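S.K.: Pasting the sequence and the predicted coordinates here, then a few questions.
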2 protein chains.
Amino acid sequence: MAQHNAFYAQSGGVTAVINASACGVIEAARENGDKIGKLYAGHNGIIGALTEDLIDVSQESDENIAALRHTPGGAFGSCRYKLKSIEDHRTQYERLIEVFKAHDIRYFFYNGGGDSADTCLKVSQLAETMGYPIQAIHVPKTVDNDLPITDNSPGFGSVAKYIATSTREAGLDIASMCATSTKVFILEVMGRHAGWIAAAGALAGEDATQPPHIVIFPEVAFHRKQFMARVDECVNLYGYCVVVVSEGARYEDGTFLADAGNTDAFGHRQLGGVAPTLAGMVKQDLGYKYHWAVADYLQRAARHIASKTDVEQAYATGRAAVEMALAGKNAVMPAIRRLGEGNDYAWDIIEAPLEQIANHEKFMPLNYISDDGFYITEACRQYLSPLIQGEDFPPFVNGLPAVAKLTLAKVEKKLTPFSI
Amino acid sequence: MAQHNAFYAQSGGVTAVINASACGVIEAARENGDKIGKLYAGHNGIIGALTEDLIDVSQESDENIAALRHTPGGAFGSCRYKLKSIEDHRTQYERLIEVFKAHDIRYFFYNGGGDSADTCLKVSQLAETMGYPIQAIHVPKTVDNDLPITDNSPGFGSVAKYIATSTREAGLDIASMCATSTKVFILEVMGRHAGWIAAAGALAGEDATQPPHIVIFPEVAFHRKQFMARVDECVNLYGYCVVVVSEGARYEDGTFLADAGNTDAFGHRQLGGVAPTLAGMVKQDLGYKYHWAVADYLQRAARHIASKTDVEQAYATGRAAVEMALAGKNAVMPAIRRLGEGNDYAWDIIEAPLEQIANHEKFMPLNYISDDGFYITEACRQYLSPLIQGEDFPPFVNGLPAVAKLTLAKVEKKLTPFSI
């Protein structure tokens, strides 16, 4: 097998463990130096490939690469940028090939979610469509847990653990104070279209008699009257009510409860503020004193409370991507397969065809949501619980989590500039 | 020394470590069973004393009491309720004495902040004013770090560590994405009148070239133009800007940036929403894509990332309160004294007179805030840094922090009901 170079990049919203996947890719590539020459990281995702902004990963020490495993964020820079179709933007694909050729890149590893899988799929087709021999492997990543085929998506388990932990902790706070202070607490969590993260909040308690008493999913149309009736019931039964609400909560007609009115590069609406919106409704309808929190980026960056299971899976999918590439695969994604439940939980890695991943969203199964629409079922708890198991605390220096400080040395450009 | 009973209660906003103080009080009381008979906890603070809602702490196992050390929230219930003056509400004080007499309570431990110190001071004067022999010791607690005399307030160090950790983590997230996504991130933190918690956010970086680039204190009047100039400068210099803002941020005329319009039992305005308010301004003035987070109760309940120093101090002040009571003291508070700086940081406990504590707020010294008003000084960093040192992770069970499950057995009432 001749030696060629590889390209790795991070795409879409970053997570607490996307760098653990990077660590897996890089360490596996280093172990196969006879086949993979240099590993170049794209600065800011696929944009780095287009603009020839490549980072020479070989200049990073083994210690720094190992430290990626406990560093949140995207160490090489990520992007929200989707390649258009080859028909519409042939020049972009020609440029990619030009860059790949110039740097002898034959392996393409793209670490992202559903939109990024689409980009990866397009790159994987360059051999067929444009005659450039490349193997493209997608490394799964998304806190939204909405990738199909894989049992779960790296990044999700750690957010799930953060949200469940935070909900448990805040629940104890509110329980302490409810006699004379806050009666209703609302925590807004991520999950634009799928309620996985909101569902994970329910792990904080054993059942709906413990916080959170109510979970609001994007999959279930929001009805103000039913919601208020349930809030009031909780306050009467327990003295207080804790609500975990997905940013994607919406009315029957599909309108989001909170719509900031902006649109991102993928055409998604920028959401935010459903917690204060709901809190305002509670005050208006029931008059209860409320508090609300919006975890926003804190949740997906919270490496300090990452799930050990998640970190291991993120790392393993990174390694598996390299192994698949070296086995001659193309247009695939290492997916996590569940092998057992509960105390027998185990997993391994299988190959998923990218065309079944790209642009397919996995929603919560209906049997994961309780009949009243405000809680998870036992089946959902069985699914979620293994994903938050184990702690993998980062090293702390001077009271704070230590993070990798990469040199990020740029590869000398060989081509003329390209603007995107 | 004759044996008498003791009363312990929690007051005001709870913290990640107020139960560690409870643990210190209870364990010290148990070790002095010859002098302190039963320890009764007030259910919901001083209200439990007035309504004779007492919890028989002797029925809790040693293991459960030890577990309080790693359980956030207020295990016995807290309250926002301030005793009025003896002149105006003599019946309340007569009732307190009635309850104390009925249960032979001669030691009064009140665990709270400045407002609660006032209640404790009033109780401490019952011997003089109404002839009932009682010793009242205040146990310090407040995330706001605004108690005078004591070097810092138990509860603060853990919030500081949480905010600094979260800001560092989220900062890495934003840095990864800023080329094509969010340019400005705003994290709202607690601290109504004092900017201590906001200042702690600055520990996330080494200086203002790292996130957070801007800290907004309640002590410094907010000027929109200057703020926008600094945000724009950061985006130009670093590609993004991370802001930590205190909920108490206010304009020159004292108006809060975000004023929810509600007033709590202490007459304080209920704040919330300065982050989205600021974010809206950024969009309007600069047009940058923004995200914002409001940590709210998550920050003060985050026992999973507590500061070891803080946990130890919270526990030690609890123990010291009992020791002071047994030494015959009254109207005092165990205060933390700093004995060394940096690597030589050390502390011990001294006695602070309650009349110098009650209703006195400690603000940030002016030399802790940079000249431009948007960052901390080196002196501030030197002060804050020791307070977040060390980790004290709780035990985890099934992927989540384990918490004490108290039986909370109520003491049989001996008196007629009393309504407050």
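M.R.: Good, I have the coordinates.
S.K.: can you give me the helices for the stretch 151-300 of chain A?
M.R.: Applying DSSP state H, counting those that start in this stretch to the stretch 151-300 of chain A gives helices spanning A:156-177, A:196-201, A:224-238, A:274-286, A:297-301.
S.K.: distance between the second one and the chain's centre?
M.R.: Computed by C-alpha atoms, centre = their mean, to the nearest Å, the chain-centroid distance of helix A:196-201 equals 13 Å.
S.K.: what's in contact with it?
M.R.: A:143-146, A:156, A:159-161, A:163-164, A:167, A:187, A:189-191, A:212, A:215-218, A:244-246, A:299, A:364, A:368-369, A:376, A:380, A:384, A:387-388 (C-beta atoms under 8 Å, 6 or more residues apart in numbering or on different chains). C-beta coordinates here come from the backbone N, C-alpha and C atoms, glycine included.
S.K.: Check these one by one and keep those near chain B.
M.R.: A:161, A:164, A:187, A:388 (C-beta under 8 Å from any C-beta of the partner chain).
S.K.: I'd say residue A:317 and residue A:21 touch.
M.R.: Yes - here residue A:317 reaches residue A:21: they are 5.8 Å apart, a contact under C-beta atoms under 8 Å.
S.K.: Find the residues that touch each one of these two.
M.R.: Both residue A:317 and residue A:21 are contacted by A:139, A:154, under the criterion C-beta under 8 Å, 6+ apart.
S.K.: which one of these two has more residues nearby?
M.R.: Using other C-beta atoms under 10 Å in any protein chain shown, the more surrounded residue of residue A:317 and residue A:21 is residue A:21, with 32 against 28.
S.K.: contacting residues for the more buried one?
M.R.: Applying C-beta under 8 Å, 6+ apart, we find residue A:21 in contact with A:111, A:139, A:141, A:154, A:314, A:315, A:317, A:318.
S.K.: what about it, which SS state?
M.R.: Of the three states, residue A:21 takes helix under DSSP: H, G, I helix; E, B strand; the rest coil.
S.K.: Could you look up the SS state of the closest residue to residue A:19 other than its chain neighbours?
M.R.: Nearest non-adjacent residue to residue A:19, counting by C-beta to C-beta, 6 or more residues apart in numbering or on different chains: residue A:68, 4.1 Å away. Secondary structure state of residue A:68, per three-state DSSP, is helix.
S.K.: Distance of residue A:68 relative to chain B?
M.R.: 11 Å (C-beta to the nearest C-beta, to the nearest Å).
S.K.: What distance do you get for that residue to residue A:105?
M.R.: For residue A:68, the distance to residue A:105 (C-beta to C-beta, to the nearest Å) stands at 21 Å.
S.K.: So chain A: which segments form each domain?
M.R.: A:4-141+A:305-360+A:392-401, A:156-304+A:371-388 (automatic domain parsing).
S.K.: So for residue B:52, which of those domains sits nearest?
M.R.: Residue B:52 lies closest to domain A:156-304+A:371-388 among the domains of chain A, at 14.9 Å (C-beta to C-beta).
S.K.: picking up where we left off before, dump the helices of the stretch 151-300 of chain A to CSV, plus mean neighbour count and mean pLDDT.
M.R.: Converted to CSV, the helices of the stretch 151-300 of chain A look like this (neighbours: other C-beta atoms under 10 Å in any protein chain shown; pLDDT from 0 to 100):
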stretch, mean neighbour count, mean pLDDT
helix A:156-177, 29, 98
helix A:196-201, 30, 98
helix A:224-238, 16, 98
helix A:274-286, 19, 91
helix A:297-301, 29, 98
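S.K.: now these in a markdown table, with distance to residue A:115?
M.R.: Listed next are the helices of the stretch 151-300 of chain A as a markdown table, based on distance: least, C-beta to C-beta, whole Å:
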| stretch | distance to residue A:115 |
| --- | --- |
| helix A:156-177 | 16 |
| helix A:196-201 | 17 |
| helix A:224-238 | 32 |
| helix A:274-286 | 23 |
| helix A:297-301 | 16 |
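S.K.: Out of those, which gets nearest to residue B:17?
M.R.: Nearest to residue B:17 among those is helix A:156-177 (12.0 Å), distances taken as C-beta to C-beta.
S.K.: Alpha carbons of that closest one, as CSV, please.
M.R.: Presented in CSV, the C-alpha positions along helix A:156-177 are these (Å, rounded to 0.1, in the frame of the first residue of the first chain):
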residue,chain,number,x,y,z
PHE,A,156,-24.9,13.5,23.0
GLY,A,157,-24.0,11.3,26.1
SER,A,158,-22.0,14.1,27.6
VAL,A,159,-24.7,16.7,27.1
ALA,A,160,-27.2,14.2,28.5
LYS,A,161,-25.0,13.8,31.6
TYR,A,162,-24.6,17.5,32.0
ILE,A,163,-28.3,18.2,31.7
ALA,A,164,-29.4,15.4,34.0
THR,A,165,-26.8,16.4,36.6
SER,A,166,-27.7,20.1,36.4
THR,A,167,-31.4,19.3,36.6
ARG,A,168,-30.9,17.2,39.6
GLU,A,169,-28.8,19.8,41.3
ALA,A,170,-31.1,22.7,40.5
GLY,A,171,-34.1,20.6,41.5
LEU,A,172,-32.6,20.3,45.0
ASP,A,173,-32.1,24.1,45.1
ILE,A,174,-35.7,24.8,44.2
ALA,A,175,-37.1,22.1,46.5
SER,A,176,-35.3,23.9,49.4
MET,A,177,-36.8,27.3,48.6
